[in-house]
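*Asks:* any chance you can model this:
(one chain, ligands or ions: 2)
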Amino acid sequence: MTSAEKARTPGLFVTFEGIDGSGKSTQARLLADHLTAQGHDVVLTREPGGSPGAEEIRALVLQGDPDRWSAQTEILLFTAARRDHLERTIRPALDAGKVVICDRFADSTRMYQGLSRGDLRQMVDDLHALMIGVEPDLTLLIDMDPAHGLERALSRQTAEERFEDFGVELQAKMRAGFLSLAEEFSDRFHVIDGGRDIDSVAQEVTACVTARLG
Ligand code: ADP
Ligand code: TYD
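*Replies:* Ligands and ions are numbered 1, 2, ... in the order given. Here you go, the predicted model:
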């Protein structure tokens, strides 16, 4: 989808970003419930995943031995999942005028694949321009202390421990990276203090999105 095509889509594309355990999934769900109750047509989705094919790729990148993928192959896998998600789920929903709420999107690849295993940001951006070409209308960065985030993430037991395993040092690097990404894309990013209780964070999230919906 080119930016000209995107400009014509009637829907609203909202993404949540932040380190593991910052509360993205919780807030995405609460926002979806709130907007649905207000009468909006909402699609709640996530990455990696969000379409049957992309969910298959999710299992490839988040389960099993992580060392079987090079950093470059990992970028290709996340981007392949995103392309399928965009074609099958996001674009049709936006074209139908829906609000799409996505738990992580391309900013996560810019951070996790672009920063964590060397400086591969340019490669991430080049592939994004070639294969995705879409940015969210609004990105809510749930910012929080890495030790706190890791504590929360580890309290959840899932099979997908691939990235959580990297510990607090990587979380700190990702947090700083997300904050500088928020400056780089200041037109669409809104930084929210995720260290507060769930309701306080949700109120700010709702206010932000409601302002965008007019
Ligand atoms: P993420 O999707 O960013 O990894 P989650 O939404 O899954 O984060 O939250 C991680 C854990 O922390 C969950 O157990 C969730 O219930 C809890 N949690 C989320 N937000 C808060 C909050 N504001 N205060 C306390 N606990 C929270
Ligand atoms: P997610 O299920 O959102 O985990 P969490 O709820 O703990 O935040 O995402 C799973 C992991 O995938 C997360 O550690 C970040 C990673 N990830 C990437 O490395 N690159 C990407 O492009 C995306 C979307 C996620």
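
*Asks:* hey, let's count contacts and neighbours off CA atoms from now on
*Replies:* Noted.

*Asks:* what parts of the protein come near ligand 2?
*Replies:* 20-21, 47-48, 78, 104-106, 108-109, 112-113, 153, 163-164 (C-alpha under 6 Å from any ligand atom).

*Asks:* what is the nearest of those to Thr206?
*Replies:* Lowest distance from Thr206 to these (C-alpha to C-alpha) belongs to Arg104, with 17.6 Å.

*Asks:* the closest one against Ile19, yeah?
*Replies:* No: with contact defined as C-alpha atoms under 8 Å, Arg104 and Ile19 do not form a contacting pair (10.0 Å).

*Asks:* and those two? Which one has more around it.
*Replies:* Ile19 (29 against 25; other C-alpha atoms under 10 Å).

*Asks:* does that one lie in a helix or a strand, and which?
*Replies:* For Ile19, there is no enclosing helix or strand under DSSP states H and E.

*Asks:* hang on, the earlier thing: most neighbours of all the residues of the chain next to ligand 2, which one?
*Replies:* Pro48 (27 neighbours).

*Asks:* from Ser200, how far off is it?
*Replies:* 27 Å (C-alpha to C-alpha, to the nearest Å).

*Asks:* need the per-residue pLDDT for Ser155.
*Replies:* The model reports Ser155 with a pLDDT of 76.

*Asks:* can you show me the helices along this protein?
*Replies:* Remark: helices assigned in the chain by DSSP state H are 3-8, 24-37, 52-62, 71-85, 91-95, 106-108, 114-115, 121-131, 146-155, 167-184, 198-213.
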